[in-house]
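Engineer: give me a model of this one.
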Amino acid sequence: MRILKALLLALAPVAALAAAAPLPETPFELLGERSRPADRFTQGLYFDGERWWESSGLYRRSWLAEYTDPGGNPLRRKWLAENRFAEGLAVHGDKLYLLTYRAGELQVYRRKDLAPVNKLGYSGEGWGLASDGEQLIMSDGSDELTFRNPDTFEVERRLKVHGGGEEWTRLNELEYVRGLIWANIWQDSRIIAIDPASGEVRGLVDLRSLAPESRHPDVVANGIAWDEKRNGLWVTGKYWPKLYLIRPQGLGFDAPGTRSSSSASGAELELRVPGISPDKHR
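Structural biologist: Numbers count the residues shown, from 1 in each chain. Model (predicted):
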């Protein structure tokens, strides 16, 4: 027994060091891109394979829109009140859920026509929002995610995000994909993949090579939308003039039978990130 205790004590520093080891960047393949207006302060983004929904922030300029072409005019757009700052957006069933920054107000809309159907309250700030099919997952700019009831928006579970040798604060826009929660980090070019059961960060992708050249402090990566058909993530940022379709290496994106980049067509051109393997994926 003493020998076992001594062995465990000897291994403890090694285990702690391994837990604190920084995560390597996950390479990605760049499958395509779509141009769009560069005046969008993107907060939430969702794609169902045919239509896009996007929320754009700032006071007196916030809106929620639906469109089929990111570069074209919206099919529908709802402007928020001047004292409401639009934040994260989630699609759950036949409804859209839109956070507001500091108003403590969740706005609920009908998915088919953006007709308002409800408003629910919450405490603290609203940043990012996603759905795992059962609950809504919310970020508030901290290192904690909350899992909430879609009908009442009451908190049902809290999850602290950790791992990879870093403290993961400023969690922002969220997307649930293949059993992992993807998150933007405010003012960071990286997006991370989070285990929804443990909160451990399983991978990170750096979008630095896709970001437009700008010294404006608000031109930051924000916006993640899953493209199930093409097996990738659409990523963009505030005031970015393009959306990019990327595929991470692993992290659920290497499932057999998925489509390769050769399926990209039309405005979605096949592209490669310089210096990054074409077979690989903030």
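
Engineer: what sits against residue 152?
Structural biologist: residue 120 (Cβ atoms under 8 Å, 6 or more residues apart in numbering). All C-beta spots, glycine's among them, are computed from the backbone N, C-alpha and C.

Engineer: so how far is residue 57 from it?
Structural biologist: 25 Å (Cβ to Cβ, to the nearest Å).

Engineer: does residue 156 touch residue 150 like I think?
Structural biologist: No - between residue 156 and residue 150 there is no contact, the gap being 10.3 Å when judged by Cβ atoms under 8 Å.

Engineer: can you pull the residues that touch both of the two?
Structural biologist: With Cβ under 8 Å, 6+ apart as the test, residue 156 and residue 150 both reach residue 135.

Engineer: tell me which of these two has more neighbours.
Structural biologist: residue 150 (16 against 12; other Cβ atoms under 10 Å).

Engineer: hang on, the more buried one in a helix?
Structural biologist: No - secondary structure assignment (DSSP: H, G, I helix; E, B strand; the rest coil) places residue 150 in coil, not in a helix.

Engineer: residue contacts, it?
Structural biologist: 92, 93, 95, 97, 131, 135, 136.

Engineer: just want the most central residue of the protein.
Structural biologist: residue 174 (3.2 Å; Cα atoms, centre = their mean).

Engineer: wait, that one sits on residue 140?
Structural biologist: No - in this structure, residue 174 is not within contact of residue 140 by Cβ under 8 Å, at 11.2 Å.

Engineer: what is the burial count for residue 62?
Structural biologist: As a burial measure, residue 62 scores 24 neighbours (other Cβ under 10 Å).

Engineer: please apply the same query to the one 3 residues further on.
Structural biologist: With neighbours defined by other Cβ under 10 Å, the count for residue 65 comes to 18.

Engineer: tell me the strands beside the strand or helix carrying it, with direction?
Structural biologist: Element membership for residue 65 (DSSP states H and E) is strand 63-67. Strand 63-67 pairs in its sheet with strand 52-56 (antiparallel), strand 76-79 (antiparallel), by DSSP bridges.

Engineer: residue 118 is nearest to which of the ones you listed?
Structural biologist: Taking Cβ to Cβ, strand 76-79 is the member of the strands paired with strand 63-67 nearest to residue 118, at 14.1 Å.

Engineer: quick check: what element follows that closest one along the chain?
Structural biologist: strand 86-92.

Engineer: which strands border the helix or strand that that next one is followed by, and is each parallel or antiparallel?
Structural biologist: Per DSSP H and E, the first helix or strand lying C-terminal to strand 86-92 is strand 95-100. The strands that strand 95-100 pairs with in its sheet are strand 86-92 (antiparallel), strand 105-110 (antiparallel) (by DSSP bridges).

Engineer: and stretch 76-85, end to end?
Structural biologist: Using Cα to Cα, to the nearest Å, one end of stretch 76-85 lies 19 Å from the other.

Engineer: can you list contacts of that stretch?
Structural biologist: 57-60, 62-66, 86, 100-103, 105, 107, 109, 113-114, 116.

Engineer: how does it look with 7 Å?
Structural biologist: Stretch 76-85 is contacted by residues 57-60, 62-66, 86, 100-103, 113-114 when judged by Cβ atoms under 7 Å, 6 or more residues apart in numbering.

Engineer: and those residues, which is closest to residue 216?
Structural biologist: Nearest to residue 216 among these, with distances taken as Cβ to Cβ, is residue 58, at 13.5 Å.

Engineer: quick check: the closest residue to the closest one other than its chain neighbours vs residue 86, distance?
Structural biologist: Of all residues not flanking residue 58 in the chain, residue 41 sits nearest, at 5.2 Å (Cβ to Cβ, 6 or more residues apart in numbering). Applying Cβ to Cβ, the value for residue 41 to residue 86 is 8 Å.

Engineer: show me what contacts residue 229?
Structural biologist: residue 49.

Engineer: does it lie in a helix or a strand, and which?
Structural biologist: According to DSSP H and E, residue 229 maps onto no helix or strand at all.

Engineer: re the thing from before, dump the strands paired with strand 63-67 into TSV; add distance to residue 217 and mean pLDDT as well.
Structural biologist: Converted to TSV, the strands paired with strand 63-67 look like this (distance: least, Cβ to Cβ, whole Å; pLDDT from 0 to 100):
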stretch	distance to residue 217	mean pLDDT
strand 52-56	17	98
strand 76-79	25	97
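
Engineer: before we move on, the earlier item: quick one: contacts of the strand holding residue 65?
Structural biologist: 51-56, 74-80, 86, 89, 98, 109, 114.
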